[in-house]
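S.K.: could you look at this predicted model? Sequence included:
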Amino acid sequence: MAEPARQVKTAIQQKAWLQLANMSWLGSTIRAGLLQEFGNPLRAFTASKAELLKVKGWDHVRLERFLSTAAKTEPICTSELLEQKETRMVCFDDDEYPPLLREIPDSPPVLFIKGEISNPAAPALAIVGARNGTQMGYDLARDFAFRLAAAGFTIVSGLALGIDTHAHRGALEAEATTVAVLANGPDVIYPRGNRRIRDAILKKGAIISEYPPGVIARPWHFPVRNRIISGMCLATLVVEASARSGSLITARLAAEQNREVFALPGISGSTTSEGTLSLIEEGATLVTSPDELIEHYGELLPEKKLLEKSDDFEDLTDEEKKLLAAMASEPVSIDRLLESGWPRDRLFSLLLQLEMRDYLVKLQGNTYQTRNKHR
């Protein structure tokens, strides 16, 4: 499908959009309300006090400040700076603006974007989770992202360390589109350790922010940013999260936005599973395989395709081969494998991955068996 045509705005129109984006003191709800009421910031800036009062959320201080400064506020950046930083401004009324994001009540008036979204019509799915997760969580995030991206989803996350990074990496390994939504300007590299994956994302996807080039992330930016991650997507999948994880904010925002929330159950008793289990208790849908999501959204996918794994062991790591060899052809319990010396977290990670890739079948009583074609 062709990309949406990019609309060219006049210098006056562009300045007005940048001015509105600069008015963070208005709050996202009022800014979104102004656009819903007036269509664009130029009309909002010339509206009367009576007309402005049709927008909900005003208090006296902010209303008077808006009336006195609307025409005088300097833009937060210039078109020259955007060109220099290889960043484009996408406004709420532009065709390129993510359509689902328009539907949330506090959508940002402007997005600053680096890179390209190769298929804007593809369904987007957010994959988020703990910054300090387990190896099992990282492996699952990567595998889910790989399978879902290969099936046609655009994978959206926040480029944070941990689950986010592995979600982006899985999509990239599938040679598919992934989008990173930042809490700082799109040109700012944060965290520093993610420079390499950030550069890879720009080759196969896009970096998006409501903050212009040069803006450094502040603590309060992150929870505000999360509404964009969930708002762009059909659903949010939380892979692993502690009881206080910021990814729970994303999940709850998704629910408030009437989007579906999915969560992996994790390991019972693990602190990094407390958040996902809590979400499931609150009504999130429990999933254990990416195929469940592919089946759930199959009609929306541009090309539904479940990845087929080969019948031999060429795609397995030495560690995975060792585990399959230890299981032979008879059902084996988790307790027996633990007794043979496998580390608990690593064992659970390997079992889940092999099950999702159709090498194992889970039986009753925490028992696994290799599938016939792999014996």
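M.R.: Thanks, I have the structure now.

S.K.: in the stretch 251-375 of the chain, which ranges drop under the pLDDT threshold?
M.R.: Low-confidence segments of the stretch 251-375 of the chain (pLDDT under 70): 268, 302-315, 328-329, 356, 365, 372-375.

S.K.: show me the strands in it, by range?
M.R.: 260-263, 285-286, 332-333, 360-363, 367-370 (DSSP state E, counting those that start in this stretch).

S.K.: which one of those strands is the most hemmed in?
M.R.: Highest mean neighbour count of those: strand 260-263, a mean of 23 (counted as mean count of other C-beta atoms under 10 Å). Quick note: C-beta positions are derived from backbone N, CA and C, even for glycine.

S.K.: who does that one touch, helix- and strand-wise?
M.R.: Judged by 3 or more C-beta pairs under 8 Å, 6 or more residues apart in numbering; DSSP states H and E, strand 260-263 is in contact with strand 235-238, helix 247-256, helix 274-282, strand 285-286.

S.K.: just checking, next helix/strand downstream of the one helix or strand E37 maps to?
M.R.: Counting by DSSP states H and E, the element that carries E37 is helix 28-38. Sequence order places helix 41-45 as the next helix or strand after helix 28-38, per DSSP H and E.

S.K.: strands along the stretch 1-150 of the chain, start to end?
M.R.: Counting by DSSP E, counting those that start in this stretch, the strands of the stretch 1-150 of the chain are 88-91, 110-115, 124-128.

S.K.: how about residues contacting the shortest one?
M.R.: Identification of contacts with strand 88-91 by C-beta atoms under 8 Å, 6 or more residues apart in numbering yields 6, 9, 14, 17-18, 40, 82, 96-97, 109-114.

S.K.: cutoff 6 Å now
M.R.: W17, L82, E96, Y97, V110, L111, F112, I113 (C-beta atoms under 6 Å, 6 or more residues apart in numbering).

S.K.: now swap in stretch 131-150 and tell me
M.R.: So stretch 131-150 is contacted by 127, 155, 160-163, 166-167, 169-171, 173-174, 176, 239-240, 272, 290, 307, 345, 348-349, 353 (C-beta under 6 Å, 6+ apart).

S.K.: the contacts of strand 88-91: which two are farthest apart?
M.R.: The most widely separated members of those, counting by C-beta to C-beta, are L82 and Y97 (16.1 Å).

S.K.: what pLDDT is listed against A71?
M.R.: Note on A71: pLDDT of 58.

S.K.: run the angle between the longest helix along the chain and helix 274-282 for me.
M.R.: Looking across the chain with DSSP state H, the single longest helix is helix 135-151. Angle, helix 135-151 to helix 274-282, by axes from the mean of the first three to the mean of the last three C-alpha atoms, to 10 degrees: 60 degrees.

S.K.: neighbouring strands - and their directions - for the helix or strand following helix 135-151?
M.R.: Counting by DSSP H and E, the next helix or strand C-terminal to helix 135-151 is strand 154-157. Strand pairing for strand 154-157, determined by DSSP bridges: strand 124-128 (parallel), strand 178-181 (parallel).
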